[in-house]
Structures are given as structure tokens and as C-alpha cells.
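Trainee: I'd like to go over a predicted model; first the sequence, then the structure.
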Amino acid sequence: QVQLVESGGGLVQAGGSLGLSCAASGRTFSSCAMGWFRQAPGKEREFVGAISWSSHNIYANSVRGRFTMSRDNTKNTVYLQMNSLKPEDTAVYYCAAAEGLTVVPPREEYKYNYWGRGTQVTVSS
């Protein structure tokens with residue numbers, strides 16, 4: 001069992017930066033792939049990025065080059081650093097965990113076993 005709590009959301013101007021954290025509880029964190037997803041008002045939740053247990057990263061095209069994921073297994077925490085933010089990045093951001101050791105972390109929501117409650121990120125123009 002893994003419980004996830006996101007933090008770090010807030011309001012930022014376009015072009016600014018924001019860092020999100022996701023703290024996990026549970027003994028299996030180090031063997032989980034961790035993903036970030038987001039849901040904007042009136043839209044479906046979408047994949048943002050993911051990091052494998054061995055810190056292999058993948059990103060959505062819309063954020064590649066602007067967002068960076070990292071993890072600290074000693075702190076059971078995964079991070080999402082967001083730079084050059086745009087108004088279209090406004091959304092609730094969710095952290096998720098997928099059990100199982102894979103070289104490439106999954107993009108698909110259904111492969112994630114555990115979810116946080118989300119944190120709001122608002123980018124003003």
C-alpha cells in the first residue's frame with residue numbers, strides 16, 4: 001500500500017517556475033514508477049511525466065524541455081520542477097505510483113495503482 005500527498009502548488013505568472021513534491025508512505029516506494037498527471041477544467045486528465053524506479057524519465061511533448069522530474073528514494077519523495085510555465089499549464093496536478101519494476105515508466109493511467117488528491121497550479125497571463 002502506498003499513500004501519496006502532493007504539495008507545492010500555487011499561483012505563478014506566465015514564464016515563472018514552480019516546484020511540486022509528492023511524499024509517499026509505504027515500503028514499496030523505491031520499486032514504484034512515479035507519474036505526474038494533470039487535469040484542467042473541463043478536460044480529461046492527461047499524462048505529464050513519469051520516472052522509473054531507476055530514475056529513467058519520460059515526458060509529454062507539451063512539457064518536455066520545461067518540466068523535470070526527479071526522485072529521492074531515501075525521502076520517499078518525487079519532484080516535478082516546472083519552468084517557463086504557460087497559462088495552459090493551469091490544472092490540478094496529481095501524483096501516482098505504479099508498482100512493479102520496469103525500465104520505462106508507464107504513461108497510461110490504468111497502470112498506476114495509487115493516486116494522490118492533487119494540488120492546484122494556476123498560471124496567470
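Mentor: Happy to help now that I have it.
Trainee: Once you drop chain neighbours, what's closest to the residue sitting nearest the centre point of the chain?
Mentor: Residue closest to the average C-alpha location in the chain (C-alpha atoms, centre = their mean): W36, at 2.3 Å. Closest residue to W36 apart from its sequence neighbours, by C-beta to C-beta, 6 or more residues apart in numbering: V48 at 4.2 Å. Where you see a C-beta, it was placed from the backbone N, CA and C, and this is true even at glycine.
Trainee: Quick check, the one you found in contact with R38.
Mentor: Yes - look at V48 against R38 with C-beta atoms under 8 Å: they come within range, at 5.3 Å.
Trainee: which residues do these two both contact?
Mentor: Common contacts of V48 and R38, defined by C-beta atoms under 8 Å, 6 or more residues apart in numbering, comprise Y93.
Trainee: quick one, phi psi at the residue nearest to S55 when sequence neighbours are not counted?
Mentor: Leaving out its chain neighbours, the residue that sits closest to S55 by C-beta to C-beta, 6+ apart is R71, at 6.2 Å. Backbone geometry at R71, expressed as degrees, to the nearest 10, gives phi -150, psi 150.
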